[in-house]
Every structure is written in structure tokens, then in C-alpha cells.
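Participant: Take a look and give me a structure for this.
(2 chains)
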Amino acid sequence: DAKTTQPNSMESNEEEPVHLPCNHSTISGTDYIHWYRQLPSQGPEYVIHGLTSNVNNRMASLAIAEDRKSSTLILHRATLRDAAVYYCILRKNTGGFKTIFGAGTRLFVKA
Amino acid sequence: DSGVTQTPKHLITATGQRVTLRCSPRSGDLSVYWYQQSLDQGLQFLIQYYNGEERAKGNILERFSAQQFPDLHSELNLSSLELGDSALYFCASSVGEGQGSSGNTIYFGEGSWLTVV
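Facilitator: Modelled structure (predicted):
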């Protein structure tokens, strides 16, 4: 199963941008890169996903390296409500693939 | 609201007992996933079903079993419960698998808190 590597924790100031990195050096050509976040005592929620090109949505931006071996989730202006654990995962479209979440990055946001 | 419904929300039971956790996926979703999350731990993948068939298996204990019914709801059965089984159990769903599905979003329920005493 393709694996992702993320820093254990990061800290940001409120109103500042946050760049959350993820390494996925064993990614294959058909793997999509997904980001989810988990707020305290809640189930994970979808943030963004992409394949090759950078992606933007109302929550965040996803920057994907040209070789696809790494990606960065960008929160443009961190708020206190963005304090959560952020997970970077890879998803395949073949059956039998385990959708594995790593330990994620715990983001602390300071007021 | 993700559209994934899990019951019960909270459950307290004694060691050695058996419990069943139930999950109703989002309307139209064919894949169901089960995850276990112990206190301050990450999400441990247990098992995935697609349209009633088991598709992927993680580190699910032999004391645990799951199934997906024809109406697509799923149940996770936990038996001979031990103190260490106390955790938050999440169910998630996605549209399906196969060509083009790897971009499918996974939607998580709010979880079932299991406490074994």
C-alpha cells in the first residue's frame, strides 16, 4: 500500500497562511491525493483532492509537485477553527485497495 | 452533516460481551469502510465493503466481523470484548470503486463511542 509521510505537528498564527506538507514518494500514476481533516471529537471531513494539477476550493489549495512525490495543502488564512489533525492519503480506483490514514499533522493555531 | 448515519452514538458494555454497530451510508454510495480510533491514536482501517462484498481488509481482529446488506447498510460486530477495544468506531462511505472512482470523496459518520468496562 502506498504510504504518505507528514510532520507530526505544526503551529501557525491566526490569519496567516499555513503550508502542510506531505511526502508520497511511492505514488503510482493512478493514485489520487486526498486531504481530510479531523476536528476534535468529530469524524474526518474532506478538504480537497487532486491528481496532477494544482487545485483550489473554498477551503484550501492543493499544490502537487511535478513528479507527484509530494504535495502541500495550503490554508490561506488560518483561523482557530482550522485547528485539527490533517491527513494526506492516496486513493486508487482498483478494488481491494486499503484506504489507509497515517498519523496526520496536528495543526495548532495561535490567536 | 455528511449523510452517513451511525448508531448507537455511545455504548457502554462489559468485557466478554458482544455489540453491533450499525451504519447507513450516504444515499447512492456503494462502498462502506470501517475504522477504529483509540484515544489519541490515528485511524486504523478495519475493513471495506462494496455493494455487499468484502473488498479490502485491514488489521481487523478475528473477534470482529462485518457485513454489508442488500440495502447497503453495514454492521460491525464486536465480540468477546476486551478493555482495549474501547474506542471510537467510524463508518465511512463513498460512491464506489473502479475506473474513475479514486477521486471519490470518502464521507465519515460521527462515530460510535464504545466503552468496555
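Participant: Is the residue of chain A at minimum distance from chain B in a helix, a strand, or coil?
Facilitator: For chain A and chain B, the shortest gap (Cβ to the nearest Cβ) falls at A:G43, measuring 3.4 Å. For glycine as for every other residue, the C-beta is placed from the backbone atoms N, C-alpha and C. When classified by DSSP: H, G, I helix; E, B strand; the rest coil, A:G43 comes out as coil.
Participant: For the residue lying closest to it once chain neighbours are set aside, give me its contacts.
Facilitator: Counting by Cβ to Cβ, 6 or more residues apart in numbering or on different chains, A:G43 lies nearest to B:F108, which is 3.4 Å off, once chain neighbours are set aside. If you count contacts by Cβ atoms under 8 Å, 6 or more residues apart in numbering or on different chains, B:F108 has them with A:G43, A:P44, A:E45, B:S2, B:V4, B:F90, B:C91, B:A92.
Participant: B:F108 bridge partners, please.
Facilitator: Beta-bridge partners recorded for B:F108 (DSSP bridges): B:A92.
Participant: how close does it get to B:V116?
Facilitator: Using Cβ to Cβ, to the nearest Å, B:F108 is found at 23 Å from B:V116.
Participant: So what's the gap between stretch B:46-62 and the chain middle?
Facilitator: Distance of stretch B:46-62 from the chain centroid (Cα atoms, centre = their mean, to the nearest Å) equals 9 Å.
Participant: Name the surrounding residues that touch that stretch.
Facilitator: A:95-100, B:30-36, B:44-45, B:64, B:66-70, B:72, B:74, B:76, B:96-97.
Participant: if we go to 7 Å?
Facilitator: For stretch B:46-62, contacts defined as Cβ atoms under 7 Å, 6 or more residues apart in numbering or on different chains pick out A:95-99, B:30-36, B:44-45, B:64, B:66, B:68, B:70, B:74, B:96-97.
Participant: Run me through the strand neighbours of the helix or strand of chain B with the lowest mean pLDDT, direction for each.
Facilitator: Lowest on mean pLDDT, DSSP states H and E among the helices and strands of chain B sits strand B:53-57, with a mean of 90. Using DSSP bridges, strand B:53-57 pairs in its sheet with strand B:44-50 (antiparallel).
Participant: quick revisit: so what's the predicted local confidence for the residue nearest to A:G43?
Facilitator: pLDDT, B:F108: 95.
Participant: now swap in A:I74 and tell me
Facilitator: 98.
Participant: State the phi and psi torsions of the residue nearest to it when sequence neighbours are not counted.
Facilitator: Counting by Cβ to Cβ, 6+ apart, A:S61 is the residue found nearest to A:I74 once chain neighbours are left out, at 4.3 Å. For A:S61, the backbone dihedrals (degrees, to the nearest 10) come out as phi -120, psi 150.
Participant: thought B:S38 was touching B:A87?
Facilitator: Yes: here B:S38 lies in contact with B:A87, judged by Cβ atoms under 7 Å, at a distance of 4.4 Å.
Participant: With neighbour numbers in mind, choose between the two.
Facilitator: Taking neighbours as other Cβ atoms under 10 Å in any protein chain shown, B:S38 and B:A87 compare with B:A87 leading, 20 against 13.
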